[in-house]
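In: Sequence unavailable; structure follows:
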């Protein structure tokens, strides 16, 4: 699998736009998700689509999740 710098630049741009469009969520993600999230933390996400019942999923963080989040923070 090759590395495509153009895709990385596009993702960074889209993350910045997301932050402009949803400042409260972007701040929440930065404070709660992209800071040190200890192993064993539970992350839960609920999606409510128009006219549909909410769907919720969760996961308990592992050491590799912390590394991934740190790497994501570095590129953002």
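Out: Structure's in. What do you need? This is a predicted model, so every value here is computed, not measured.

In: and the longest helix seen in the chain, what's its mean pLDDT?
Out: Ranked by residue count and defined by DSSP state H, the top helix of the chain is helix 5-21. Per-residue pLDDT over helix 5-21 has a mean of 90.

In: I'd like the next helix or strand past it.
Out: helix 23-28 (DSSP states H and E).

In: Which strands or helices does that next one pack on?
Out: The helices and strands touching helix 23-28, judged by 3 or more Cβ pairs under 8 Å, 6 or more residues apart in numbering; DSSP states H and E, are helix 5-21. Quick note: C-beta positions are derived from backbone N, CA and C, even for glycine.

In: Only the buried residues of the helix it packs on, if you could.
Out: Across helix 5-21, burial judged by 16 or more other Cβ atoms under 10 Å covers no residue at all.

In: Please work out which residues outside the lowest-mean-pLDDT helix or strand in the chain touch it.
Out: When the helices and strands of the chain are scored by mean pLDDT, DSSP states H and E, helix 63-75 comes last with a mean of 77. Residues outside helix 63-75 that contact it (Cβ atoms under 8 Å, 6 or more residues apart in numbering) are 8, 11-12, 33-34, 36-39, 59.

In: Please flag which of the residues you listed sit within helices.
Out: 8, 11-12.

In: Residue 18 versus residue 27, what's the distance?
Out: Counting by Cβ to Cβ, to the nearest Å, the separation of residue 27 from residue 18 is 12 Å.

In: can you give me the angle the least confident helix or strand of the chain makes with helix 5-21?
Out: 90 degrees (axes from the mean of the first three to the mean of the last three Cα atoms, to 10 degrees).

In: Buried only: go through the contacts of helix 63-75 for me.
Out: Buried members of the contacts of helix 63-75, scored by 16+ other Cβ under 10 Å: none.

In: Now do the longest helix of the chain: which elements does it pack against?
Out: If contacts are counted by 3+ Cβ pairs under 8 Å, 6+ apart, helix 5-21 sits against helix 23-28, helix 63-75.

In: Give me the buried stretch members for the shortest one, please.
Out: Think helix 23-28. residue 26.

In: ok now it, how far from the chain's centre?
Out: Chain-centre distance of helix 23-28: 11 Å, with Cα atoms, centre = their mean, to the nearest Å.
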